[in-house]
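>>> Here's a sequence, model it:
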Amino acid sequence: MNQKELKELIEFLIEKDIAEFELERGDVKVRIKRAGEHTLLHSQNEARFFAVPSAPASPVQVGAVPTAPPTPPPAAPAVPAPEEGLHSVKSPIVGTFYEAPSPGAPPFVKVGDTVELGQVLCIVEAMKLLNEIESDVAGEIVKKLANNGQPIEYGQELFVVRPKK
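Alright, predicted model coming up:
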């Protein structure tokens, strides 16, 4: 790709308002990325193509009074420290989490339910075997951390329980 072709490509991308573009032709790779008024040209020996249209610019109104730049969104509230004394029920196996014994059936437990030691909380399917996961503490379900049908890992927290005193 020669300099004239690159210039035509850049002009085309500006005209079509494309913010990012990658082209691979043989052993030549060209990547163009626009950020505002800046244009970045990058060339390597790889082969890919990627184009992303840029966000539309807001139109300028004649006679409009400029305003202050937008303020950044407020910072997310600090994550509260985990409450002391809570117990996590973790998955003993890798598999798929199911909150109910069958599709359409009510879940074994919901947030706010009181559970007893050994009560079934969910099922984890592994290799076509349905494994009932039981509560290893009596108390109240504070939080459910997995979604129905979600793949889960060994040791992943499934429920948070506030033990009985």
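
>>> For burial, what's the neighbour tally of residue 90?
A count of neighbours around residue 90, defined by other Cβ atoms under 10 Å, yields 16. (Each C-beta comes from the backbone N, C-alpha and C, glycine too.)

>>> List the beta-bridge partners for it.
residue 157 (DSSP bridges).

>>> Extract the CA atoms of stretch 22-37 and return them as CSV.
Provided in CSV are the C-alpha atoms of stretch 22-37 (Å, rounded to 0.1, in the frame of the first residue of the first chain):
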residue,chain,number,x,y,z
GLU,A,22,-7.8,-2.1,10.5
LEU,A,23,-6.8,-3.7,7.2
GLU,A,24,-4.5,-6.6,6.5
ARG,A,25,-3.4,-7.4,3.0
GLY,A,26,-0.8,-10.1,2.8
ASP,A,27,2.0,-9.3,5.2
VAL,A,28,1.0,-5.7,5.6
LYS,A,29,-1.3,-4.5,8.4
VAL,A,30,-2.7,-0.9,8.6
ARG,A,31,-4.5,0.4,11.6
ILE,A,32,-6.1,3.8,11.7
LYS,A,33,-7.8,5.2,14.8
ARG,A,34,-9.3,8.6,15.2
ALA,A,35,-9.8,10.2,18.6
GLY,A,36,-11.4,13.6,18.2
GLU,A,37,-9.2,15.6,15.8
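
>>> Quickly list the domain ranges of this protein.
3-53, 87-163 (automatic domain parsing).

>>> I'm done for today, thanks for sticking with me.
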